[in-house]
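J.: this is the structure alone, sequence omitted:
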Ligand SMILES: Cc1ncc(COP(=O)(O)O)c(C=O)c1O
């Protein structure tokens, strides 16, 4: 493992200047790392506790296990250093081992993590989130985004007395729970009756939502969607969705798991000027510590309490829901966002990456094959074959060649710890990877791909 000294610049811990990936890059797994990965597959279904981190999502020539992170850098169990993108499935927005967050956690750890009665930090964290998310009046915390969305759906169902849910078909993930998993290509174990309660509409097309309300009048409890994903909403679209939902007696739920603390400090709901009835946050709000939140209007949220005459709703109550040091991490993260230009930096770094990457792709004649899509703060890449069709083998090849050059990039989702120099190094790595990509387009991808291609997470069979 690297023993290079750590320096702090603008609150960001990073390796000393000159610590780079080096031209040699990644040479493959040691026997020990390969053995540990094999053992992981034997005792953990899928080899990882999160599908998106699994072996089948990465080229064969990639680090098996990461043991340490600092800023935007990580080290594998063989001591190889990499730059990372999309860190912690987009949860680590500030940077790994980010000092102000670690300090807050360290202050709380010796005080104990979980008591028989609530801790003041629960109130402080609620105040902090509600001060940022202006349309929300009450909040409940939990650990995972899925649980927050599950709670939103249950609350909407109880509030409206309806059972159906309309979800956006163009947004790939809302929850690990049956109501959502039953709608995917991996629905095993979910009763059909549950899946039939969930309907899909297209993003940007209010008519497809209207058609659902027409087909199932008085039956849809809520509309669940991200405010935006790769495409920006056309002006007026989100307001139209809200009006449609309300006209039909349904609630609007924005899933801000990705957009929250990335699109805008106050959420995509603020950026686009549409306040949902309920919204959910997670991922970036505690910089990798597990905190998620359901927040929204008092009249709806209070059903989870007891100061009303309606039937009570069991709303988010878990043993670990209010673990104190995690809430302290969330407060420190949100306060850092408030006092530093985090969102602006994410956009600026992404814009720089987009520019350099796009120019490099054009130099290699790869425009239309390896484009970047999405908002600057949340860049994804396309990988197309010689017929310009999306290709998993080409995705694998591109990731393989980036890893060879020291960059782990399932996406190009930047963090606050990616410096301009890091972005420029990434563009250099992409430039090298594009050279191989262009040759593979001409000669066939099999000639350059080492091992099998990656596979989508949601698939019915192995
Ligand atoms: C948009 C969105 N919603 C919900 C979730 C679920 O969050 P979690 O994995 O924390 O349960 C995710 C996770 O990737 C997500 O991207």
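T.: Structure's in. What do you need? Computed from a predicted model, the values in this text were never measured in an experiment.
J.: look at the closest residue to the ligand within the stretch 351-462 of the chain and tell me its secondary structure.
T.: The shortest separation between the stretch 351-462 of the chain and the ligand is 10.1 Å, found at residue 457 (distances taken as CB to the nearest ligand atom). In short, each C-beta sits where N, CA and C put it, glycine included. At residue 457 the chain is in coil, as set by DSSP: H, G, I helix; E, B strand; the rest coil.
J.: can we start the residue count at 606 from this point?
T.: Sounds good: first residue 606 from here, last item residue 1062.
J.: quick one, what contacts it?
T.: Residues counted as contacts of residue 1062 (CB atoms under 8 Å, 6 or more residues apart in numbering) are 656, 657, 659, 662, 791.
J.: for the second one, what are its contacts?
T.: When contacts are counted by CB under 8 Å, 6+ apart, residue 657 is found next to 694, 1015, 1062.
J.: got those as a markdown table, with pLDDT columns?
T.: Shown next, in a markdown table, are the contacts of residue 657 (pLDDT from 0 to 100):
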| residue | pLDDT |
| --- | --- |
| 694 | 96 |
| 1015 | 97 |
| 1062 | 86 |
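J.: the closest residue to residue 942 other than its chain neighbours: what's it in contact with?
T.: Taking CB to CB, 6 or more residues apart in numbering, and ignoring the residues beside it in sequence, residue 942 has residue 870 as its nearest neighbour in space, at 5.4 Å. By CB under 8 Å, 6+ apart, residue 870 lies in contact with 737, 942, 943, 947, 948.
J.: again, only using 10 Å
T.: Contact criterion CB atoms under 10 Å, 6 or more residues apart in numbering gives 737, 738, 876, 939, 942, 943, 946, 947, 948, 949 as the residues in contact with residue 870.
J.: still on that earlier bit, so can I have JSON lines of the contacts of residue 1062 showing pLDDT and distance to residue 891?
T.: Formatted as JSON lines, the entries for the contacts of residue 1062 read as follows, by pLDDT from 0 to 100; distance: CB to CB, whole Å:
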{"residue": "656", "pLDDT": "90", "distance to residue 891": "22"}
{"residue": "657", "pLDDT": "91", "distance to residue 891": "19"}
{"residue": "659", "pLDDT": "90", "distance to residue 891": "24"}
{"residue": "662", "pLDDT": "92", "distance to residue 891": "24"}
{"residue": "791", "pLDDT": "93", "distance to residue 891": "28"}
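J.: max pairwise distance over those residues: which two?
T.: Among these, the pair separated by the greatest distance (CB to CB) is 662 and 791, at 14.2 Å.
J.: ok, these two, which is more surrounded?
T.: Neighbours were tallied for residue 662 and for residue 791 using other CB atoms under 10 Å; the higher tally belongs to residue 662 (20 against 15).
J.: what about stretch 833-847, average pLDDT?
T.: Along stretch 833-847, the predicted confidence averages to a pLDDT of 97.
J.: for it, measure first residue to last.
T.: Length of stretch 833-847, first residue to last, CA to CA, to the nearest Å: 14 Å.
J.: list the buried residues in it.
T.: 833, 834, 838, 842, 843, 846, 847 (16 or more other CB atoms under 10 Å).
J.: now, those residues that are in helices?
T.: The helices, defined by DSSP state H, take in 842, 843, 846, 847 from these.
J.: now distance to the ligand too, for the residues you listed, in TSV please.
T.: As requested, those are exported to TSV (distance: CB to the nearest ligand atom, whole Å):
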residue	distance to the ligand
842	18
843	16
846	16
847	19
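J.: can I get those residues in a markdown table with distance to residue 700?
T.: Listed next are those as a markdown table, based on distance: CB to CB, whole Å:
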| residue | distance to residue 700 |
| --- | --- |
| 842 | 34 |
| 843 | 31 |
| 846 | 35 |
| 847 | 35 |
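J.: from those, which is closest to residue 1066?
T.: Using CB to CB, residue 846 comes nearest to residue 1066 of those, at 35.7 Å.
J.: now for the helix or strand hosting residue 850, which elements pack on it?
T.: With the criterion set as DSSP states H and E, the secondary-structure element containing residue 850 is helix 842-852. Applying 3 or more CB pairs under 10 Å, 6 or more residues apart in numbering; DSSP states H and E, one finds that helix 842-852 contacts strand 769-773, helix 811-820, strand 825-830, strand 856-860.
J.: which one of these lies nearest to residue 730?
T.: Closest of the helices and strands packed on helix 842-852 to residue 730 is strand 856-860, at 20.1 Å (criterion: CB to CB).
J.: do the closest one and the ligand meet at all?
T.: Yes. Contact check for strand 856-860 against the ligand, using CB under 6 Å from any ligand atom: residues in range are residue 860.
J.: enumerate the residues of the chain near the ligand.
T.: Proximity of the chain to the ligand is confined to 694, 749-751, 754, 778-779, 781, 831, 860, 862-863, 887, 897 under the rule CB under 6 Å from any ligand atom.
J.: want to throw the residues you listed into JSON lines with secondary structure?
T.: Conversion of those to JSON lines gives the following (three-state DSSP):
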{"residue": "694", "secondary structure": "helix"}
{"residue": "749", "secondary structure": "coil"}
{"residue": "750", "secondary structure": "helix"}
{"residue": "751", "secondary structure": "helix"}
{"residue": "754", "secondary structure": "helix"}
{"residue": "778", "secondary structure": "coil"}
{"residue": "779", "secondary structure": "coil"}
{"residue": "781", "secondary structure": "coil"}
{"residue": "831", "secondary structure": "coil"}
{"residue": "860", "secondary structure": "strand"}
{"residue": "862", "secondary structure": "coil"}
{"residue": "863", "secondary structure": "coil"}
{"residue": "887", "secondary structure": "coil"}
{"residue": "897", "secondary structure": "strand"}
